[in-house]
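Student: From the sequence below, what's the structure:
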Amino acid sequence: MGYGLHHVQLAIPAGSEDECRAFYVGVLGLAEVRKPPVLAARGGLWVRGDRLEIHLGVEADFQPARKAHPGILVGDLDALAARLNAHRVEVTWDDTFPGHRRLYAFDNLGNRLEFLQPEPANPTRW
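Tutor: Residues are numbered from 1 along each chain as shown. Predicted coordinates:
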């Protein structure tokens, strides 16, 4: 049996879609995905990159995920760090993950995001 990952879901509070759109589309450069009408009625936002989809779903008792997080592979971690810094998003570098460079950042609501770039000698398989 084979497994793959279709998407990651993060919680957001009701009414924060525009603020999240500004971060995920404006800052990270992901593209918004049109939700099916039956799901759009619930609120939230879907975004997509080359090999990544994130669903931002409305949660009534929203609490940001400060520990749980998606691990997002990127091709140029330094460029991402510069982009985040240019938008006044703090990054925390962490060199403790074997075979990868990585950093952490928090989205506009305080959800933790991990970004990783494989070292050249350790290409990551999709």
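
Student: what sits against the residue nearest the centre of the chain?
Tutor: With distances taken as CA atoms, centre = their mean, residue 113 lies nearest the centre of the chain, 5.6 Å away. Residue 113 is in contact with 69-70, 72, 104-107, counting by CB atoms under 8 Å, 6 or more residues apart in numbering. (C-beta placed from N, C-alpha, C; glycine too.)

Student: List the buried residues in stretch 1-18.
Tutor: Residues 10-13, 16-17 are the ones in stretch 1-18 that count as buried (16 or more other CB atoms under 10 Å).

Student: which one of those sits closest to residue 96?
Tutor: Among the buried residues of stretch 1-18, residue 10 lies closest to residue 96 (CB to CB), at 23.5 Å.

Student: so the closest one sits in a helix?
Tutor: No - Residue 10 is assigned strand when assessed by DSSP: H, G, I helix; E, B strand; the rest coil, not a helix.

Student: Hmm, residue 66 and it touching each other?
Tutor: No - with contact defined as CB atoms under 8 Å, residue 10 does not reach residue 66; the gap is 11.9 Å.

Student: tell me, what's touching these two both at once?
Tutor: Joint contacts of residue 10 and residue 66 (CB under 8 Å, 6+ apart) are residue 111.

Student: since we're on the closest residue to residue 107 other than its chain neighbours, how many residues are nearby?
Tutor: Using CB to CB, 6 or more residues apart in numbering and skipping the chain neighbours, the partner closest in space to residue 107 is residue 23 (5.4 Å). As a burial measure, residue 23 scores 21 neighbours (other CB atoms under 10 Å).

Student: wait, doesn't residue 23 sit right on residue 105?
Tutor: No - using CB under 8 Å, residue 23 makes no contact with residue 105, being 10.1 Å away.
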